[in-house]
Every structure is written in structure tokens, then in C-alpha cells.
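Engineer: kindly generate the corresponding structure for this input.
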Amino acid sequence: MLDVLGSSSPLIGSDRPSFTSLGAREHINPATGKAQASVMVSGKAEIDAAVAAAVAGQRAWAEMGPEKRRDCLLRLADLVEQDAEHMATMIALEGGTPISLKGTPQAVAWIRYYAGWADKIEGTCSEPFGINGFAYARHEPIGVIGVIIPWNSPLIATAMTAVLALAAGNAVVLKPPTQTPFVALRIGELALEAGLPVGALNVVPGDAVAGEALIAHPAVGKVSFTGGESVARAVMHTAAEHLKPLALELGGKSANIIFPDADLDKAATMSATCSLVALSGQGCVLPTRVYAHDAIFDEFVDRVRGTAQQFTMGDPLDPATLIGPVIHEAAAQRIMGVIEKAKVESGGRLVAGGRRGQGALAAGSYVEPTIFADVAHDSNLAREEVFGPVLTIMRFKDDEEVIAKANDSRFGLGAYVHTRDLSRAHSLAHSLAARLQVGCVAVNGMLPMSPNQPFGGVKQSGFGREGGRPGLEEFMQIKQVLMHL
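Structural biologist: Coordinates of the predicted model:
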């Protein structure tokens, strides 16, 4: 398996050091519980070297001009697409995501979309008040961007952050976590093959020590962090000490509202699949907090349970598998602790799952798809992000009640509405789409995470956007040039 995963040594410029300052540790396959590779852990020394390489790489990247940058990113998209089968195997081995859940096409779409932006960055021109002259604004790269991605989807996370920064003309120091370093390192290799200058993209696997060094480094102009709110507080603290801007994409507990007139088959399939199958429930914007109208509640619960019982949990390398393990044994134990506590304290009833993997799966970090119904709105299960295959279903009676409950959360990443009444959903100023306090709302389906649509949260789900022109602007700064005539 080591040959499939490849080297875990940092990619700094075009060099792969033979050792790192924090040494090596075993990488455990989450499906088997067995060691399968050695991960080289980076620290401050490796971050310093990567930032130095990025400073030089950014100059070379900028000097190439927008057309050549576009072409390099398009070649990168082609190479990632050609490497799709290998990528899928790496993703399954390092993180447990089944090969049946193909993430490469989505990542390729993001890379190609932002390649198209690389040669379309333009400014504005105006006549300033009070003088004889004109002014223009330049949209310029910030310089070196530090990108810290999570372990749950390294390929897509890299495409949604590092590629945006590159398209804007920046160089990137990408820090994947040590749980999932291999895919990010592979992207670094392909970037060099695509013609990106040495140092334009550096990949430095590490944990808290490397992350803090990256945020604090004076040559890093901005940091993009995707992860949990507790770590985000530490990130903000370090960034504040250095007056450094941040883009944060954090957690969520997305409300999923099912009205009586909804297509219940589609709503139940979406609720079960997107909450329990997608990344084994380890996603930030998954619809894990369901509010089903009282008139259809029991029928909806039955349909969700029936759908979930058809999911195949097993070896992520098996094409028939839909649900793989969670990231590691500690996560599995934490999720089981949440489930056991919910049986007593949530006020609800367990209608499916609630156990670890059985038989041949017992050695891995497997948790059965788990569904609780009639859960109390103010319970921990309903309010806290589980980050595992656990779905919570609650009742509501009218629009005002469900809006109040949906908004009664410190999170504000996404929300979902299932109804055939489009006026209720989004056509009026007082519609659900307008009143839900989130960054993204999807009606009658899942958020597709399209590259041309801005994605991000409000409240404690973070700030900043990925996708569309707003995503590009996260990694640019505006310079005013004033010409006196």
C-alpha cells in the first residue's frame, strides 16, 4: 500500500527532504486499524523553508503572465483527471472514503473554473473628485497564502482553496493534516508536472506546530483555514497577534426542513444519503438536523430508515461500498459516546443503527448509520455537530416555529428546504431563503458545491467565500493608482 500512497515527505519547492524536524509516525488505515505507511511530520523549520520557496515561486508565477498561468492550471486539471483512479485509491486508504463516491470530477471542475479566471482579472477606472486626473484600481495578488485544509476531503478542499489563491496570482504553502497527507502531496507533484514554477505550490504535512508557524510567518499575507471552531479560535488568536487576515470555513449543523407538500421519497433519500453516506457523515454542511412537519413526520421517519437500511457499509476499496469507516479509532469512540449519551439525554428514540461495525469490520473505525427521531430541539444531539453518520429528526407544526428553531443555532453554514411551494421557499422578501440565517440555502436538493457559486457561512460557521468571483477576491488586494494631469 505504501507504493500506492507514495512518499509523505514535504514538497518544498521541488525538493523532498529525507527527514523532518518532528520525525515520523505511523499512518493507520481506518478500514483495518493497521499501520500502512509512515508519515513525516513537519514543524517550523519546514514551514520556514516552504515560505522562502513560495516567495521566490510567487515572483516567477507572477512573471509568467495570466495566459500562461491559465494554461498551467488547465494542465493541472487534466493531470488530476487522468490520475482519478489513483486518487480515489489514495483517498480510500488515507481517509476511508469509498472509491464509489467519486470526488475527482468535482475537484477537476473547480480547477478548470478558476483556471478560466486567471486571465480575466481586471480593475476599474474613475475620475476622482477635486482634481484634474483619473484613477484606476488594480486587483493584485496578496503574495504568499497559507492554506490549512481538513482531513475529511483533501482533494476537494485543495481545489476549493489553494487553486483559487493560485488563480489570483499568489503562491501557496498548503498544510494538510498528518491524517491525510498523501492526496495533497500528489497534487503538489502534478502541479510541478503541469508547469507551475518551483515554489508556487508547496505541500507541508503537519499538525498544530506547523499550523501555528504558518500563520505567524511574516511573509504569509493571508491564511485560509477550513476546520472546527475550537481550532479556529487558536488560529484567530495567532493571526490577531500578527494582524493577519483570515478566511474561515468552519462547522455547521444544517437545518433540513421537510414540509407536508414535499416529495417525501426525494426528501428522505436526500436526507439519508447526504447525512449518512457522504464522507460517513464527516462533512460541515451536511443536512444532519432535520425538521419534519408533524403531518408527515412518522411517514418521513419510516422512509429515511428504509433508505438507510439499504446502504452498504464495508471496505472503501470495494466498488459496492457506500459507507466507509470514520477517520480513526478515536473518532469512532467519540461518535459512539455521543450516541450512547443521546439515548439517555436527547429525549428521542433510536430508530436505526447505533452500533460499531460488526464481524469483519470490527477491526476498523466503523460506525453504523444512526438515526434518532423525536429528539428535543434543545438537546446536545440537536445542537452540536457530531461529525459522524448520525441523523437527528425533529417535529414542527408551522412556518414560524421551524424558522425560529432553524435559526436557533450558533452555526450558520447551510440550510435545506423541501417543498413544492416555491413562493414559500424563495420568491418573496419574507421567504424562507431570506429568513434563514445561513450562508447557503438549497431547495429540494443538496448544495452541489458548484465552483461558480459562492460558498461560506455566517455566525460561528466562519467568514469569507469560496466559489465564483467572491472566492477569487478573497486572495486579491486592491491598489489605487491616481494620475494627476
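
Engineer: in the stretch 251-400 of the chain, which spans are strands?
Structural biologist: 255-258, 289-293, 349-352, 370-373, 390-396 (DSSP state E, counting those that start in this stretch).

Engineer: okay, those in JSON lines with distance to Cys125 next?
Structural biologist: Any C-beta I mention is one placed from the backbone N, CA and C, and that applies to glycine too. Putting those into JSON lines (distance: least, Cβ to Cβ, whole Å) gives the following:
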{"stretch": "strand 255-258", "distance to Cys125": "44"}
{"stretch": "strand 289-293", "distance to Cys125": "48"}
{"stretch": "strand 349-352", "distance to Cys125": "61"}
{"stretch": "strand 370-373", "distance to Cys125": "58"}
{"stretch": "strand 390-396", "distance to Cys125": "52"}
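
Engineer: any chance of those strands in TSV, with mean neighbour count and mean pLDDT too?
Structural biologist: Formatted as TSV, those follow (neighbours: other Cβ atoms under 10 Å; pLDDT from 0 to 100):
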stretch	mean neighbour count	mean pLDDT
strand 255-258	28	98
strand 289-293	27	98
strand 349-352	16	97
strand 370-373	26	98
strand 390-396	24	98
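
Engineer: for Leu485, find the nearest of those.
Structural biologist: strand 255-258 (56.5 Å; Cβ to Cβ).

Engineer: which residues outside the closest one are in contact with it?
Structural biologist: 264, 267, 271, 275, 287-293, 296, 300, 396, 402, 405-406, 409, 415-419, 432, 436, 438 (Cβ atoms under 8 Å, 6 or more residues apart in numbering).

Engineer: of those, which belong to helices?
Structural biologist: Leu264, Ala267, Ser271, Phe300, Val402, Lys405, Ala406, Leu432 (DSSP state H).

Engineer: in PyMOL, how would I select just the buried ones from the residues you listed?
Structural biologist: A single PyMOL command selects the buried members of those (16 or more other Cβ atoms under 10 Å):
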select buried, resi 264+267+271+300+402+405+406+432
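
Engineer: same list (the ones in helices among the contacts of strand 255-258) but as CSV, adding pLDDT.
Structural biologist: Output for these, formatted as CSV (pLDDT from 0 to 100):
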residue, pLDDT
Leu264, 97
Ala267, 98
Ser271, 97
Phe300, 98
Val402, 96
Lys405, 97
Ala406, 97
Leu432, 87
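
Engineer: which of the ones in helices among the contacts of strand 255-258 sit farthest apart?
Structural biologist: Top of the distance list for the ones in helices among the contacts of strand 255-258 (Cβ to Cβ): Leu264 and Lys405, 20.3 Å.

Engineer: hang on, the earlier thing: closest to Gly206 among the ones in helices among the contacts of strand 255-258?
Structural biologist: Using Cβ to Cβ, the ones in helices among the contacts of strand 255-258 come closest to Gly206 at Ser271, 36.7 Å.

Engineer: OK, contacts around the closest one?
Structural biologist: Ser271 is in contact with Asn256, Ile258, Pro287, Val290, Val304, Leu391, counting by Cβ under 8 Å, 6+ apart.

Engineer: please apply the same query to Thr269.
Structural biologist: Thr269 touches Thr307, counting by Cβ under 8 Å, 6+ apart.

Engineer: just the pLDDT for it.
Structural biologist: Note for Thr269: predicted pLDDT of 97.

Engineer: again, but for His426
Structural biologist: Confidence score, pLDDT, at His426: 74.

Engineer: same question, Ala429
Structural biologist: 61.

Engineer: may I have stretch 439-455 as CSV, with CA atoms only?
Structural biologist: Extracted in CSV, the C-alpha atoms of stretch 439-455 (Å, rounded to 0.1, in the frame of the first residue of the first chain):
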residue,chain,number,x,y,z
GLY,A,439,-24.6,31.4,4.0
CYS,A,440,-26.2,28.9,1.7
VAL,A,441,-29.8,27.6,1.1
ALA,A,442,-30.8,24.7,-1.1
VAL,A,443,-34.4,24.0,-2.1
ASN,A,444,-35.5,20.4,-2.9
GLY,A,445,-31.9,19.0,-3.0
MET,A,446,-28.4,19.2,-1.8
LEU,A,447,-26.0,22.1,-2.2
PRO,A,448,-23.9,21.0,-5.2
MET,A,449,-20.7,22.9,-4.2
SER,A,450,-20.5,24.4,-7.7
PRO,A,451,-17.3,26.3,-8.4
ASN,A,452,-19.2,29.3,-9.9
GLN,A,453,-21.4,29.7,-6.7
PRO,A,454,-20.1,31.5,-3.6
PHE,A,455,-20.0,29.1,-0.6
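
Engineer: residues of that stretch that come out buried?
Structural biologist: Gly439, Cys440, Val441, Ala442, Val443, Asn444, Met446, Leu447, Met449, Pro451, Pro454, Phe455.

Engineer: swap in stretch 415-424?
Structural biologist: Buried, per 16+ other Cβ under 10 Å, within stretch 415-424: Ala415, Tyr416, Val417, His418, Thr419, Arg424.

Engineer: one more: stretch 114-134?
Structural biologist: Tyr114, Ala115, Trp117, Ala118, Ile121.

Engineer: same list (those) but as JSON lines, adding distance to Ile335.
Structural biologist: JSON lines is the format used below for those (distance: Cβ to Cβ, whole Å):
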{"residue": "Tyr114", "distance to Ile335": "35"}
{"residue": "Ala115", "distance to Ile335": "38"}
{"residue": "Trp117", "distance to Ile335": "39"}
{"residue": "Ala118", "distance to Ile335": "41"}
{"residue": "Ile121", "distance to Ile335": "44"}
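
Engineer: from those, which is closest to Leu322?
Structural biologist: Of these, the one sitting nearest to Leu322 (Cβ to Cβ) turns out to be Tyr114, at 30.2 Å.

Engineer: okay, the closest one and Ala107: tell me how far apart.
Structural biologist: Here the criterion is Cβ to Cβ, to the nearest Å. By it, Tyr114 lies 11 Å from Ala107.

Engineer: then Phe259?
Structural biologist: 34 Å.

Engineer: these two: who's more crowded?
Structural biologist: Using other Cβ atoms under 10 Å, the more surrounded residue of Phe259 and Ala107 is Ala107, with 27 against 22.

Engineer: let's verify the more buried one: helix, strand, or coil?
Structural biologist: Assigned by DSSP: H, G, I helix; E, B strand; the rest coil, the conformation of Ala107 is helix.

Engineer: any idea how far stretch 315-322 is from the chain center?
Structural biologist: Offset of stretch 315-322 from its chain centre (Cα atoms, centre = their mean, to the nearest Å): 22 Å.

Engineer: buried set for it?
Structural biologist: For stretch 315-322, by 16+ other Cβ under 10 Å, it's Asp315, Pro316, Thr321, Leu322.

Engineer: contacts only, for the closest residue to Lys244 other than its chain neighbours.
Structural biologist: Nearest residue to Lys244 in three dimensions, chain neighbours excluded: Val223, at 6.2 Å (Cβ to Cβ, 6 or more residues apart in numbering). Taking Cβ under 8 Å, 6+ apart, we find Val223 in contact with Ile145, Gly146, Val147, Ile148, Leu214, Ile215, Val235, Ala239, Lys244, Pro245, Leu246, Ala247.
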